[in-house]
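Undergrad: below is the structure, and that's it, no one-letter string:
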Ligand SMILES: *[C@@H]1O[C@H](CO)[C@@H](O)[C@H](O)[C@H]1NC(C)=O
């Protein structure tokens, strides 16, 4: 008698826990489907929408400008060089306008705002894509002078802030979008120099901008690309600059690293960048396009498999784990101390 009652209770419990699990799975699946559908809703009237993109000479900016131009957007592509602007003009429709912009020069930004203001009229600016950036100098921290940091911060962070501030009135008019190009290096400091600092700064600036501007209907998205083949990851530029840094070092610092360190460092860097860098930069521009065209743009876009499945998860792990991984990528100095 007792054992039958026990058995009944046992069976009931098993059925109940099975039901709970099934319900949880069903709810999770429904939530995922709902998210997927919501994520695919688009805004309309691309041909009435103006987008201003910085850094269109090459890389992500250049591809995004051509991509949005094909979709019918009114693209205004800011370039640093005459050649970049001329090449882009020939590759795009007559609708696309190029403009010379140096994001470290306030007067140049003001001229861009005047130009854009005339173009957009009462509609305002739908999209601002802060994409212009530089990477060098990259290397060990004690190879750097203060100006090695500031020249990167001026473009990648202060440039982004000033361009955004000056364009905000036009963006408010259109209840537009700001798309800021950060990086997985805004999640993990993989190298010394100003680049990682600037990208952490872009993350923080974008977070406060998003919260402050949501009340005005402006949406802010952060793009976090992994490693892609662009001017920013150009090994020729990075290495040439590392040789410059090394040649300026006092002899005792060089001695502490050892004679072969620079060559070992450059080799290790070539090896890991060769494995890491993806040539398919459209993975990044597709995220930027989603941020500009989706009814519900995402706050953060990890772009590339390495970003999604390696670097961003790694950034959530304890520092000693990321230190181990990052240390494994580079050679050790000769004078390393075992503590
Ligand atoms: C950009 O502007 C800054 C500040 O005016 C200037 O120092 C720099 O040389 C300019 N860069 C280019 C490429 O024109």
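TA: Perfect, I can see it now. All figures in this text were calculated on a predicted structure; none of them were measured in a lab.

Undergrad: buried residues in the longest helix seen in the chain?
TA: Of all the segments of type helix in the chain, defined by DSSP state H, the longest one is helix 2-40. Across helix 2-40, burial judged by 16 or more other C-beta atoms under 10 Å covers no residue at all. Glycine gets a C-beta too; all of them are placed from N, C-alpha and C.

Undergrad: now the element after it, going C-ward?
TA: strand 50-53 (DSSP states H and E).

Undergrad: name the helices or strands packed onto that following strand?
TA: In terms of contacts (3 or more C-beta pairs under 8 Å, 6 or more residues apart in numbering; DSSP states H and E), strand 50-53 is packed against helix 59-70, strand 74-79, helix 106-120, strand 127-130.

Undergrad: other residues contacting the longest one?
TA: Taking C-beta atoms under 8 Å, 6 or more residues apart in numbering as the criterion, the residues outside helix 106-120 that touch it are 50, 52, 74, 76, 78, 97, 99-103, 125, 162-163, 166-167, 170, 173-174.

Undergrad: try it again at 7 Å.
TA: Identification of contacts with helix 106-120 by C-beta atoms under 7 Å, 6 or more residues apart in numbering yields 50, 52, 76, 78, 97, 99, 101-103, 125, 162-163, 166-167, 170.

Undergrad: so for that helix, mean pLDDT?
TA: Mean pLDDT, helix 106-120: 97.

Undergrad: one more: the first one?
TA: Predicted confidence along helix 59-70 averages 98 (mean pLDDT).

Undergrad: what comes up buried for that helix?
TA: For helix 59-70, using 16+ other C-beta under 10 Å, the buried residues are 59, 60, 61, 62, 63, 64, 65, 66, 67, 68, 69.

Undergrad: what packs against it?
TA: Secondary-structure packing of helix 59-70 (3 or more C-beta pairs under 7 Å, 6 or more residues apart in numbering; DSSP states H and E): strand 50-53, strand 74-79, helix 82-91, helix 282-293.

Undergrad: so which bits of the shortest one are buried?
TA: By neighbour count with 16+ other C-beta under 10 Å, strand 50-53 contains the buried residues 50, 51, 52, 53.

Undergrad: please apply the same query to the last one.
TA: Of all the residues in helix 282-293, those buried under the rule 16+ other C-beta under 10 Å are 283, 284, 285, 286, 287, 288, 289, 290, 291, 292, 293.

Undergrad: just give me how far the longest helix of the chain sits from the chain centre.
TA: 39 Å (C-alpha atoms, centre = their mean, to the nearest Å).

Undergrad: could the helices and strands packed on strand 50-53 go into TSV alongside distance to the ligand?
TA: Formatted as TSV, the helices and strands packed on strand 50-53 follow (distance: least, C-beta to the nearest ligand atom, whole Å):
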stretch	distance to the ligand
helix 59-70	15
strand 74-79	11
helix 106-120	7
strand 127-130	16
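
Undergrad: what's the closest of those to residue 146?
TA: helix 106-120 (21.7 Å; C-beta to C-beta).

Undergrad: among the contacts of helix 106-120, which ones are in helices?
TA: 162, 163, 166, 167, 170.

Undergrad: just the closest of these to the ligand, please.
TA: residue 162 (11.5 Å; C-beta to the nearest ligand atom).

Undergrad: how about that closest one, what does it touch?
TA: With contact set as C-beta under 7 Å, 6+ apart, residue 162 has these partners: 106, 109.

Undergrad: pLDDT score for it?
TA: With respect to pLDDT, residue 162 has a value of 98.

Undergrad: same question for residue 186.
TA: On the pLDDT scale, residue 186 gets 97.

Undergrad: tell me the secondary structure for the closest residue to it other than its chain neighbours?
TA: Counting by C-beta to C-beta, 6 or more residues apart in numbering, residue 186 lies nearest to residue 199, which is 3.3 Å off, once chain neighbours are set aside. For residue 199, the secondary structure call by DSSP: H, G, I helix; E, B strand; the rest coil comes out as helix.

Undergrad: tell me who's in contact with residue 199.
TA: Counting by C-beta under 7 Å, 6+ apart, residue 199 touches 156, 182, 183, 185, 186.
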